[in-house]
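Visitor: Here is the input, now give the coordinates:
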Amino acid sequence: MSKEISVVIWNENVHEQENELVRSIYPNGIHSAIAEGIGSLDTDSELRISTATLQEPEHGLTEERLAKTDVLIWWGHRAHGDVSEEVVDRVQKRVLQGMGLIVLHSGHFSKIFKRMMGTSCALKWREAGERERLWVTNHGHPITQGIGECIELENTEMYGEPFGIPAPDEQVFISWFEGGEVFRSGCCWHRGNGKIFYFRPGHETYPIYHNETIHRVIYNAVKWAYNPSRWTSVMDAPNVPVEKAPETIELKGGSVHADGEAGFR
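Guide: As a prediction, the model looks like this:
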């Protein structure tokens, strides 16, 4: 690998501060548990892992920081509405340019995930501490390497179909729950030059982000989502003057655009 992969783990960090049960499970925050988990798998020191939270200036996601971020991991639940539209615009632009985005659990209702999907992202849910089996549906996919046939979680929150998302480009996990529901729990998309992975497990009142197999999935997803090739200015549509065309052409007709002007036509 030619360079380190810069990974930022973003967490709204609200439940950990307000709920004693969540704080007892994640005393240093969900973001820290994920950072420690995937860091333990980084035996070749390929990842440069840092964290950011909602409470930081600009939610910890400044223009400068995002420009250096290769993969962004997103966890949110209670405070989706508190995320500024300006930051969502920044993240969307960086994904289109080539930054990977991994959205976890209740991040399905985050502004950035709904923006990238263009759909409601709504689903059924029930919190009853049910058993869950995440079945691997694509054993050849990079995200499922080293996972085995399924992941079993003893207690978790149920998410059920229908799930208001566009059809995934690749489906890698499907969940079954003790109450009988099923759910598309591991979904991949391409948006512009970026890759997006949604991974369902992770309700804050269960120690799911201390599970080594869950760490493996997220670690694999980081490696999959990393794209060393980026578009430098994805939002521009630059004019190409006649003299710069790959082949010789004769100019015909007029134009309402100034020579060299950027803009959509």
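
Visitor: can we go C-alpha only for contacts and neighbour counts from here?
Guide: OK.

Visitor: Nearest residue to residue 129 in space, please, no chain neighbours.
Guide: residue 155 (4.4 Å; CA to CA, 6 or more residues apart in numbering).

Visitor: Now the one you found. Its backbone dihedrals?
Guide: When read as degrees, to the nearest 10, the backbone of residue 155 gives phi -140, psi 130.

Visitor: Tell me if I'm right that it and residue 132 touch.
Guide: Yes: using CA atoms under 8 Å, residue 155 is in contact with residue 132, at 7.1 Å.

Visitor: which of these two has more neighbours?
Guide: residue 132 (24 against 19; other CA atoms under 10 Å).

Visitor: Now the helix or strand harbouring the more buried one: buried residues?
Guide: Here residue 132, judged by DSSP states H and E, is contained in strand 124-136. The neighbour-count check on strand 124-136 (16 or more other CA atoms under 10 Å) flags 131, 132, 133, 134, 135, 136 as buried.

Visitor: That strand: how far from the chain's middle?
Guide: Computed by CA atoms, centre = their mean, to the nearest Å, the separation of strand 124-136 from the middle of its chain amounts to 21 Å.

Visitor: Can you list the strands that it pairs with?
Guide: Strand 124-136 pairs in its sheet with strand 150-160 (antiparallel), strand 170-177 (antiparallel), by DSSP bridges.

Visitor: will you turn these into JSON lines that also has mean pLDDT?
Guide: Formatted as JSON lines, the strands paired with strand 124-136 follow (pLDDT from 0 to 100):
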{"stretch": "strand 150-160", "mean pLDDT": "98"}
{"stretch": "strand 170-177", "mean pLDDT": "98"}
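
Visitor: So which of these is nearest residue 111?
Guide: Checking the strands paired with strand 124-136 against residue 111 by CA to CA gives strand 150-160 as the closest, at 18.9 Å.

Visitor: Strands of this structure, start to end?
Guide: Along the chain, the segments classed as strands by DSSP state E run 5-11, 47-53, 71-75, 100-104, 124-136, 150-160, 170-177, 182-191, 194-199.

Visitor: What lies in contact with the third one?
Guide: Counting by CA atoms under 8 Å, 6 or more residues apart in numbering, strand 71-75 makes contact with 5-12, 31, 99-107, 222, 225-226, all of which sit outside it.

Visitor: and the angle from that strand to strand 47-53?
Guide: Interaxial angle, strand 71-75 versus strand 47-53 (axes from the mean of the first three to the mean of the last three CA atoms, to 10 degrees): 40 degrees.

Visitor: from what I can see residue 33 touches residue 208, true?
Guide: No: Residue 33 lies out of contact with residue 208 (CA under 8 Å); the separation is 9.7 Å.

Visitor: What residues sit buried inside the helix or strand of the chain with the lowest mean pLDDT?
Guide: Using mean pLDDT, DSSP states H and E, helix 15-18 stands out as the lowest-scoring helix or strand of the chain, at a mean of 94. Counting neighbours by 16+ other CA under 10 Å, one finds that the buried residues in helix 15-18 are 15, 16.

Visitor: and it, C-alpha only, in PDB?
Guide: Extracted C-alpha coordinates of helix 15-18, given in PDB (Å, rounded to 0.1, in the frame of the first residue of the first chain):
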ATOM      1  CA  HIS A  15     -26.400   8.800  24.600                       C
ATOM      2  CA  GLU A  16     -23.000   8.100  26.300                       C
ATOM      3  CA  GLN A  17     -23.300  11.400  28.100                       C
ATOM      4  CA  GLU A  18     -26.900  11.200  29.100                       C
END
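
Visitor: What helices and strands are in contact with it?
Guide: Contacts defined by 3 or more CA pairs under 8 Å, 6 or more residues apart in numbering; DSSP states H and E place helix 15-18 against helix 20-25.

Visitor: Output the below-cut-off pLDDT ranges for the stretch 151-265 of the chain.
Guide: 230-237, 254-265 (pLDDT under 70).
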